[in-house]
Each structure stands twice: as structure tokens, then as C-alpha cells.
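Peer 1: need coordinates for the below:
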Amino acid sequence: MPNYKLEPIDLNIPEITGAERERFADLLFEIGAIKFGAFRLKLHETRPDAPLSPIYVNFRLLRSHPLALAYACTLLQKLASPLQFDLLSDIPTASTPIVAVLAYMTGYPMISPRKDSKTYGLAVEIDGDYQFGQTALLIDDLVSQADTKLEALAKLKTAGLHVTDLMMLLDRQQGGKALLEAQGYHVHVIATIEDLLKRYQQTGAIDPLRYQEATAYLGL
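Peer 2: Predicted structure coming up:
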């Protein structure tokens, strides 16, 4: 297990500080959630000839590192503090443990739009308890091209729920955030992929070649 130390996060300071964002970046690297190499992504399902990504982000590892998970959720709690909402909604399954912990920390109810429609029992489209007209804060681990967000938003809207804000741990800066904002949503993120890369270059976690490969691929 990684031997990391965490400074307490001051929730009385409403915005995420530079030091907190840097510690978040370091944590992701230390637990192995950020990898460098050549990787296929979800976009390759529809664009198999697209260039391989030189960086891969695996936030599913957070569930195996409770201290890192708690740190990330506390930063999300900061992001959420000025927002108005009634419910927290995940996008199964990558963000499910993240939102579950955040619900426990904040006391807000959690719901989950199902990936597949349930064909037995109550045949619900959304797991959890909610009321028509309530506002949900939609949370995912990262945003790249926004496909899964749009699918979840459509299910929440069909159920009579409102969504004005979305939160993610990371913006991969591949157009998804801008697409969602163009449709009228407010998107809040802890960090961008550029923030991470700059931090890793600064600390020597990656060499200049890795940095140049990643920024060239992402068009940064």
C-alpha cells in the first residue's frame, strides 16, 4: 500500500486551494490511478483508428484506498458547498463508491440512474428514493467526451428530476465539459488533466518527453 500522508482540508475555506489540488494530483500518482504508456480508451470503440492515449486515468482504484477516497470526497464536498440541490446522483459504476461516501459525509440522499432498464420487480429506471421535481447534483469520476453524462441526464430528466450542476474529479479536456456547458449545465471539477501534468513535471514524477507526449495528444 502507498505510504502517503494527508493534511486536513479546511472546509471553512470555500474554494479548493492550490496546495489541495497539488496533493490530490500527488495522491492519484501515488496510488497508481495515473498511468503513462499507450492505451485504448472508450472512444476507440467507435473510432478504432484513433491514436492511442499516452495517459490513462483509473479512478476505480480509489475504492481500494480509503484515505485517498475520503480526500477526494472532501474536495468534492467543497465544490458542492455553494450549490443548490436535493439529491446526489452517481453514474454507475465508476463514481458509485465516490458518491456513496459523499452522501454519508454530507447527509444528502443518493440515487443512481440504471445503465440497463430493470425488467422485473418495480422495473425502475433509477435506484433510490426521490420525488418528482427535485434537483439532483450529478457526479462522475471524470469528463472526456460527455457521452455517459448525457445518457444519465436523459434518464434523470425523464423521471422528472432537474439537474443544473455536474461535478467531476477531473476534466480530461477533450471537449466534454464545453459540450455540457453549451447545453446550459454548470460543470465543476477538482482539477484538469493539464493541472496533473504540470504537477508531475514539476515534481519530476514524469520526464519532459512524457509531458510533451501527453500535452501534444491532448492538444494542450
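Peer 1: how far does the helix or strand encompassing D140 sit from the chain's center?
Peer 2: Using DSSP states H and E, D140 sits within strand 136-143. Relative to its parent chain, strand 136-143 has a centroid offset of 6 Å by Cα atoms, centre = their mean, to the nearest Å.
Peer 1: and the next helix or strand past the host helix or strand of K177?
Peer 2: According to DSSP H and E, K177 maps onto helix 176-182. Sequence order places strand 186-192 as the next helix or strand after helix 176-182, per DSSP H and E.
Peer 1: doesn't R23 fall inside a strand?
Peer 2: No - per DSSP: H, G, I helix; E, B strand; the rest coil, R23 lies outside any strand segment and is helix.
Peer 1: dump the residue contacts of it.
Peer 2: Contact analysis of R23 by Cβ atoms under 8 Å, 6 or more residues apart in numbering lists L6, E7, Y71. C-beta: built from backbone N, CA, C; applies to glycine.
Peer 1: got a quick PyMOL command for the buried subset of these?
Peer 2: Applying 16 or more other Cβ atoms under 10 Å to these, the buried members can be selected in PyMOL as follows:
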select buried, resi 71
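Peer 1: what angle separates the next helix or strand after the strand holding D140 from strand 186-192?
Peer 2: Heading C-terminal from strand 136-143, the first helix or strand you meet, by DSSP H and E, is helix 147-158. Per axes from the mean of the first three to the mean of the last three Cα atoms, to 10 degrees, the angle that helix 147-158 makes with strand 186-192 is 150 degrees.
Peer 1: what's helix 147-158 packed up against?
Peer 2: In terms of contacts (3 or more Cβ pairs under 8 Å, 6 or more residues apart in numbering; DSSP states H and E), helix 147-158 is packed against strand 110-113, strand 136-143, helix 176-182.
Peer 1: got the angle between it and strand 136-143?
Peer 2: Going by the same axes, to 10 degrees, helix 147-158 makes 170 degrees with strand 136-143.
Peer 1: can you dump the C-alpha atoms of helix 147-158 in PDB for me?
Peer 2: Extracted in PDB, the C-alpha atoms of helix 147-158 (Å, rounded to 0.1, in the frame of the first residue of the first chain):
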ATOM      1  CA  ASP A 147     -21.500  10.600 -23.600                       C
ATOM      2  CA  THR A 148     -22.300   8.800 -20.300                       C
ATOM      3  CA  LYS A 149     -23.300  12.100 -18.700                       C
ATOM      4  CA  LEU A 150     -25.800  12.800 -21.400                       C
ATOM      5  CA  GLU A 151     -27.300   9.400 -21.100                       C
ATOM      6  CA  ALA A 152     -27.700   9.800 -17.300                       C
ATOM      7  CA  LEU A 153     -29.100  13.300 -17.700                       C
ATOM      8  CA  ALA A 154     -31.700  12.000 -20.100                       C
ATOM      9  CA  LYS A 155     -32.800   9.400 -17.600                       C
ATOM     10  CA  LEU A 156     -33.000  11.900 -14.700                       C
ATOM     11  CA  LYS A 157     -35.000  14.300 -16.900                       C
ATOM     12  CA  THR A 158     -37.400  11.600 -17.900                       C
END
